[in-house]
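Enquirer: Below are the sequence and a predicted model; questions follow.
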Amino acid sequence: MAMYSRLPGSVALITLQNPPVNALSAAVRQGIVDTVQRALKDPKVTSVVICGQNGKFCGGADIREFAGPMLGPPLVPMIHAIEAVDKPVAAAIEGVALGGGLELALGCHYRIAHSKALLGLPEVTLGLLPGAGGSQRLPRLIGLTAALDLITTGRHISAAEALKLGILDQVTDNNVVDQAVEFVRRVAGQPLDSRRLSTLPCPCPPDVDSLLDKAMVKGMEKERDLLTTLFNSGQARALQYAFFSQRVVGKWSLPSGASWDNSAARTISKAAVIGLGTMGRGIVVALALTGISVVAVETQEKQLAEASQAVPAMLQREAGRRSLATPPGVISFSSNLQDVSEVELVIEAVFEDMSLKLQVFRHLTSVCRPGTLLCSNTSGLDIDQLAAVTQSPGLVVGMHFFAPAHVMKLLEVVYGPRSSPEAVATAMQLGKRMGKVSVAVGNCPGFVGNRMLKPYLEQANFLLEEGATPQQVDEALEEFGFPMGVFRMSDLSGLDVGWRIRKEAGLTGPGVESTRTRQGRRYSPLPDQVCEAGRLGQKTGRGWYQYDGPGGRVARSDPWVHIFLEAYRAEHGLVARSIAPEEILERCLYALINEGFNILQDAMAAGPEDIDAIYVFGYGWPRHHGGPMFHAGQVGLGRILERLQHHHHNHPDVPHLKPSTLLRRLVAVGSPPVQTWREFINKERVHSQL
Ligand SMILES: CCCCCCCCCCCCC/C=C/C(=O)SCCNC(=O)CCNC(=O)[C@H](O)C(C)(C)COP(=O)(O)OP(=O)(O)OC[C@H]1O[C@@H](n2cnc3c(N)ncnc32)[C@H](O)[C@@H]1OP(=O)(O)O
């Protein structure tokens, strides 16, 4: 909707009303068309101001409408009509003017903004382009170079930068509507031709030839054609889904019925981190950047000395990167666990070893004051076991950060059967304060992200046994869009991590027979043997690839690996075959997706959006493929099921390839869209079908 009011004197005020961000829904567009007409017809009105209610000008086109047929007045003619009005129209920009919101403002003759407002054309992040005249008006206003930067990056800019670029006519710290009203009263009666941006020539740099000038003449048509192509593309659908899934996960719910809207969070101002290895250091920085005072504890003197040098430097660097003048939080370092007695929340980040973590939790529960939240940064160990050794199991949750913890956006908040809603709500809110995408997940080995990674890694190893090289596997995955293939990623994170986990699980190590079947299923000892050869990845300069020495970053093919693979295959009587990239993708991705279905079936994630957000923000899943579960829907659930059945038939000793019951059920009911799975799963659960 848009509300029309006549201010004392001659100014008409049009207020966009569509909470929370005044997106340009059909009703809002209709409201704008009607109110602009009314202002035009009213002879007493000499000028017009357009603003948004509740401190937000406009968050752009209503993305929810993109999923269905577009109803109501189209955006482009509506903005053209505003530009053509013969009374001055000013946009009074507060909060945000993004996408279609900025395009609407560019159709106005003047733009006045509050100093705290953010402006931008983020359409590219949704797989679109500024298709409501933005690609045409912005370059005419600020020149090609600056406009291209904003359009291709989609970045949000401050009012100060927008003023400098020439997008805004005025910036104010005062009431922006009052300022805009005063502004239009002042300019009423002045000629408007030079303010109609779509009619102006484009200021081009001297090196741009006349072809571009001609292209700009046809710009509006070209914009529409390109937008139509993008609008119908799978990538645009995936990016828009990713936008919403990021927001859906904030509205968490637990199987117990506790949820974001019925559970109160505590506000944390004092926290402690135990263990100052790579993860602990990053967590300290992430907390301090939000203004929380942190007690950073490390019992090994050498590690403590290193961390107390490194952490302040990391904090300075990160604060600089985020343009914060001074790092807001205060950090104190200690080697004494007793020093955490006064904090409200502790995050344990010691070595991934259950007996060590149990020892720390027993100690914490005796030194912390009652009511302190105890969190573990474990990447897959049993939260319930940790809770069991504390006096208040309800106050124990997992906070699984991803390295580097002060940079990576993902946080898995792990609830055990005894975790209280308050503990989950507090950890979720703390994650949000740290700028993370926090996802609530159930307590199972590996939680969601690492649980799904297991079948993915397993398939990659099997593919090497069958004839592929690490490069071939990585290339197929990178071609799909991962920033790094599975073997390059393993080299980066260190091959010893998985090796240790497999040893603890009794899958490898002294006394374990060197066969390719272990614990009743197919097993590849390849990664164990690579570790046994002292090749632990980048840190040792050798892994699945070779590097320019320990800590080297550039992966190069290593003849050692090829000879090793040939010898391994010969030893086990395996005949190498040529494996197509399609098979690599199917085996790795469909096994991972299948585990995603198992996770939904086990209620370890509340919905497919949770899994997809985890993979996009924590595991490099290409955003333009939406996430593994969205991708499954795009490929077609029937096809995924059929290919899993095929691969499971060929590899019956690989349980991860056995299609999940949930996948079968979804196919049986006609493969409904991903957005409806959550509801379907809940219904199936009620009727005990899962
Ligand atoms: C057949 C072919 C036809 C082709 C032609 C078709 C033509 C169709 C028209 C095409 C027009 C194209 C040109 C214009 C395109 C656009 O404008 S695309 C949208 C651009 N805008 C954005 O990308 C902004 C997105 N929003 C944000 O970045 C943030 O939400 C915010 C505005 C900065 C506010 O942030 P914050 O305060 O943190 O709140 P959030 O939690 O993010 O959001 C609150 C709720 O609002 C919902 N929401 C936000 N923006 C939109 C939006 N634009 N449309 C719909 N909904 C939006 C968000 O989902 C949250 O909802 P809830 O989770 O339900 O609370």
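Expert: Yep, it's here.
Enquirer: Remind me what the helix or strand hosting Leu666 packs against, helices and strands.
Expert: Counting by DSSP states H and E, the element that carries Leu666 is helix 661-668. Under the contact criterion of 3 or more Cβ pairs under 8 Å, 6 or more residues apart in numbering; DSSP states H and E, helix 661-668 touches helix 591-601, helix 637-650, helix 677-686. Using the backbone N, CA and C atoms, a C-beta is placed for each residue, glycine as well.
Enquirer: out of those, which comes closest to the ligand?
Expert: helix 677-686 (14.4 Å; Cβ to the nearest ligand atom).
Enquirer: ok, and for that closest one, which residues are buried?
Expert: Of all the residues in helix 677-686, those buried under the rule 16 or more other Cβ atoms under 10 Å are 677-678, 680-681, 684.
Enquirer: average pLDDT across the helix holding Leu666?
Expert: The average of the pLDDT scores along helix 661-668 is 97.
Enquirer: That helix to helix 677-686, inter-axis angle?
Expert: Helix 661-668 runs at 110 degrees relative to helix 677-686, counting by axes from the mean of the first three to the mean of the last three Cα atoms, to 10 degrees.
Enquirer: one step back: pull the most distant pair out of the buried residues of helix 677-686.
Expert: Arg678 and Glu684 (11.0 Å; Cβ to Cβ).
Enquirer: Leaving out the residues flanking it, which one is nearest to the residue of the chain found nearest the ligand?
Expert: Residue of the chain nearest the ligand, by Cβ to the nearest ligand atom: Gly99 (2.4 Å). Ranked by Cβ to Cβ, 6 or more residues apart in numbering and with sequence neighbours excluded, the top spatial neighbour of Gly99 is Gly60, at 2.8 Å.
Enquirer: Surely that neighbour and Leu119 touch.
Expert: No - between Gly60 and Leu119 there is no contact under Cβ atoms under 8 Å: 11.1 Å.
Enquirer: Can you check which residues contact both of those two?
Expert: 98, 102 (Cβ atoms under 8 Å, 6 or more residues apart in numbering).
Enquirer: mind saving the C-alpha coords of the helix or strand hosting Lys454 as CSV?
Expert: According to DSSP H and E, Lys454 maps onto helix 449-466. Provided in CSV are the C-alpha atoms of helix 449-466 (Å, rounded to 0.1, in the frame of the first residue of the first chain):
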residue,chain,number,x,y,z
GLY,A,449,27.7,-30.5,8.0
ASN,A,450,30.3,-33.1,8.9
ARG,A,451,27.8,-35.9,8.9
MET,A,452,27.1,-35.2,5.2
LEU,A,453,30.7,-34.7,4.4
LYS,A,454,31.5,-38.3,5.4
PRO,A,455,29.8,-40.0,2.4
TYR,A,456,31.1,-37.3,0.1
LEU,A,457,34.8,-37.9,1.1
GLU,A,458,34.2,-41.6,1.1
GLN,A,459,33.0,-41.6,-2.5
ALA,A,460,36.0,-39.4,-3.5
ASN,A,461,38.3,-42.0,-2.1
PHE,A,462,36.5,-44.9,-3.8
LEU,A,463,36.8,-43.0,-7.1
LEU,A,464,40.6,-42.9,-6.7
GLU,A,465,40.6,-46.7,-6.1
GLU,A,466,38.5,-47.2,-9.3
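Enquirer: from the middle of its chain, how far away would it be?
Expert: Mean-position distance between helix 449-466 and its chain equals 24 Å (Cα atoms, centre = their mean, to the nearest Å).
Enquirer: Now find how far off-centre whichever helix or strand comes after it is within its chain.
Expert: Scanning forward in sequence from helix 449-466 by DSSP H and E, the next helix or strand is helix 470-480. Between the centre of helix 470-480 and the centre of its chain there are 23 Å (Cα atoms, centre = their mean).
Enquirer: Next: stretch 584-596.
Expert: On Cα atoms, centre = their mean, the centre of stretch 584-596 falls 21 Å from the chain's centre.
Enquirer: Likewise for stretch 615-631?
Expert: 9 Å.
Enquirer: Give me the buried positions along the helix holding Leu666.
Expert: 662-663, 665-667.
Enquirer: got the angle for it vs helix 591-601?
Expert: Using the same axes, to 10 degrees: helix 661-668 against helix 591-601 is 90 degrees.
Enquirer: end to end, how far does stretch 245-261 reach?
Expert: Taking Cα to Cα, to the nearest Å, stretch 245-261 runs 18 Å from one end to the other.
Enquirer: what about it, near the ligand?
Expert: Yes - for stretch 245-261, a contact with the ligand is found by Cβ under 6 Å from any ligand atom, at Arg247.
Enquirer: hmm, who's touching that stretch?
Expert: In contact with stretch 245-261 (Cβ under 8 Å, 6+ apart) are residues 413, 415, 421, 424-425, 428, 432, 437-440, 442, 603, 606-610, 612-613, 616-617, 626-627, 630.
Enquirer: And stretch 287-294, by the same measure?
Expert: Taking Cβ under 8 Å, 6+ apart as the rule, stretch 287-294 contacts 268-273, 284, 315, 318-319, 322, 324, 327-332, 347, 406, 430, 433-435.
Enquirer: buried sites along that stretch?
Expert: In stretch 287-294, counting by 16+ other Cβ under 10 Å, buried: 287-290, 292-294.
Enquirer: Mind telling me what element the residue most central in space within the chain is part of?
Expert: Using Cα atoms, centre = their mean, the residue of the chain that lies closest to the mean C-alpha position is Phe617, 3.9 Å off. Taking DSSP H and E as the criterion, Phe617 maps to helix 608-618.
Enquirer: I would like the residues contacting that helix, please.
Expert: Helix 608-618 has contacts (Cβ under 8 Å, 6+ apart) with 241-242, 244-246, 248-249, 402, 408-410, 412, 437, 439-441, 448-449, 452, 596, 599-600, 605, 621, 623, 626-630, 674, 677-678.
Enquirer: quick one: which of these sit in helices?
Expert: Judged by DSSP state H, the contacts of helix 608-618 include 241-242, 244-246, 248, 449, 452, 596, 599-600, 628-630, 677-678 as members of helices.
Enquirer: Which among those count as buried?
Expert: 241-242, 245-246, 248, 449, 452, 596, 599-600, 628-630, 677-678.
Enquirer: Which parts of the stretch 401-550 of the chain are strands?
Expert: 410-415, 437-442, 517-518, 521-522 (DSSP state E, counting those that start in this stretch).
Enquirer: Mean neighbour count, these: which tops it?
Expert: strand 410-415 (a mean of 27; mean count of other Cβ atoms under 10 Å).
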